[in-house]
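[1] Please work out how this folds:
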Amino acid sequence: QQQLVESGGGMVQAGGSLRLSCTASERRFSRYTMGWFRQAPGEERTFVTGIRWSDGITKYADSVKGRFTISRDNAKNTVYLQMNSLKPEDTAVYYCAAGDVLGSTRTYEYPYWGQGTQVTVSS
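    Presented below is the predicted three-dimensional model:
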């Protein structure tokens with residue numbers, strides 16, 4: 001059973017917006033921090049943003065600051081990634097992950113991962 005399920009990916013033109021969702025199957029994930037990573041073809045998986053369930057504190061990669069916003073709905077066990085002013089270089093598979101360290105860029109510090117959702121931004 002997939003414990004983190006992403007949705008909301010798709011194709012959009014540059015300058016457009018998308019909202020991704022990540023729903024956790026169990027409330028125990030509320031003890032973790034949640035992160036979004038992305039991976040473009042032939043590249044490493046990189047940190048995008050993270051949020052702590054308990055207090056909503058967030059971290060962002062410099063490349064997305066001011067354009068992307070992470071939020072959470074504790075009642076729905078869901079984390080959202082609102083992506084605005086999208087650029088072609090944002091094209092990637094986006095992954096939701098659960099870990100212990102807010103803002104960690106190290107993928108090995110996230111024991112739980114979703115299956116990923118494709119985001120494609122055309123120029």
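[2] and the residue nearest to the spatial centre of the chain, what does it touch?
    The C-alpha lying nearest the average C-alpha coordinate of the chain belongs to residue 36 (CA atoms, centre = their mean; 2.4 Å). Applying CB atoms under 8 Å, 6 or more residues apart in numbering to residue 36 gives the contacts 20, 22, 47-50, 70, 79, 81, 94-97. The way it works is simple: take the backbone N, C-alpha and C, and place the C-beta from them, glycine included.
[3] any idea how far residue 21 is from residue 14?
    22 Å (CB to CB, to the nearest Å).
[4] rewinding a little: so which of the contacts of residue 36 sit within helices?
    Among the contacts of residue 36, no member falls in helices (DSSP state H).
[5] Identify, from those, the entry nearest to residue 5.
    residue 22 (7.0 Å; CB to CB).
[6] what's the burial count for residue 76?
    Using other CB atoms under 10 Å, residue 76 is surrounded by 11 other residues.
[7] so what's the residue lying closest to it once chain neighbours are set aside bridging to?
    Spatial nearest neighbour of residue 76, chain neighbours left out: residue 23 (7.0 Å); criterion: CB to CB, 6 or more residues apart in numbering. Assessed by DSSP bridges, residue 23 has beta-bridge partners residue 5, residue 78.
[8] Check residue 36 too.
    residue 49, residue 96.
[9] So residue 81 sits against residue 70, correct?
    Yes. Residue 81 lies in contact with residue 70 (CB atoms under 8 Å); the separation is 5.6 Å.
[10] Buried subset of the contacts of residue 36 as a ChimeraX selection?
    Those of those that count as buried under 16 or more other CB atoms under 10 Å are selected in ChimeraX with:
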select :20,22,47,48,49,50,70,79,81,94,95,96,97
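[11] I'd like the contacts of residue 36 as JSON lines, with pLDDT and distance to residue 64 appended.
    As requested, the contacts of residue 36 are arranged in JSON lines below (pLDDT from 0 to 100; distance: CB to CB, whole Å):
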{"residue": "20", "pLDDT": "98", "distance to residue 64": "12"}
{"residue": "22", "pLDDT": "96", "distance to residue 64": "16"}
{"residue": "47", "pLDDT": "97", "distance to residue 64": "10"}
{"residue": "48", "pLDDT": "98", "distance to residue 64": "6"}
{"residue": "49", "pLDDT": "97", "distance to residue 64": "6"}
{"residue": "50", "pLDDT": "96", "distance to residue 64": "12"}
{"residue": "70", "pLDDT": "97", "distance to residue 64": "9"}
{"residue": "79", "pLDDT": "95", "distance to residue 64": "15"}
{"residue": "81", "pLDDT": "98", "distance to residue 64": "9"}
{"residue": "94", "pLDDT": "98", "distance to residue 64": "11"}
{"residue": "95", "pLDDT": "98", "distance to residue 64": "15"}
{"residue": "96", "pLDDT": "97", "distance to residue 64": "15"}
{"residue": "97", "pLDDT": "96", "distance to residue 64": "16"}
